[in-house]
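Return a 3D structure for these sequence lines:
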Amino acid sequence: MHRELIDEALAALRPHRAGDRLFGNVASVLVTDTGAHHRGVCIDTPCGTGFCAEHAAIAAMVTAGEYRIADIVAVWRDETTGRPHVLPPCGRCREFIRQIDPANIDTRVILGPDRSAPLRDLLPAHAWPEPLTD
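Okay, the predicted model is just below:
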């Protein structure tokens, strides 16, 4: 199953250069708990208002009225070698996945063709803290 999602994400890569910026060079596919697939690509802007591919895929999912992520993967293809890579979500994306729905702490993050981990393992200090006692 991992290879199919990786290949689906690779098919969504359509890099576009605009000046010194490269858009769409990272793609993400997520599968919801209902089995729907949503895709997104990254957008890097000079003013810092861009977003990761995972954010774009999650926005597509939320637009479709869904919130629970069963699986998610992100990929990038090295421009020099042409070799594809699976990318783990950055810290911002890990937290974003968690905050969309509490059950997403168990989202399976694809880390390679034969490797995955639940988000809780990649975001171990995810619980809201208890208040201090006097």
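
the helices in this structure, which residues?
Ranges of helices in the chain, per DSSP state H, are 2-11, 53-63, 91-100, 119-122.

Show residues contacting the first one.
This means helix 2-11. Outside helix 2-11, the residues that touch it by Cβ atoms under 8 Å, 6 or more residues apart in numbering are 27-29, 31, 37, 39, 71, 73-75, 77, 84, 86, 110, 112-116. Backbone N, C-alpha and C define where each C-beta goes, glycine included.

Let's see that with 7 Å instead.
By Cβ atoms under 7 Å, 6 or more residues apart in numbering, the residues outside helix 2-11 that reach it are 27-29, 31, 37, 71, 73-75, 84, 86, 110, 113-114, 116.

repeat for the third one
Contacts of helix 91-100 from elsewhere in the structure, counted by Cβ under 7 Å, 6+ apart, are 52, 54-55, 58, 67, 69, 72, 89, 104-105, 107, 119, 122-123, 126.

so how far is that helix off the chain centroid?
Its chain's average C-alpha position is 9 Å from that of helix 91-100, according to Cα atoms, centre = their mean, to the nearest Å.

closest to residue 131 out of the helices of the chain?
Among the helices of the chain, the nearest to residue 131 by Cβ to Cβ is helix 91-100 (20.3 Å).
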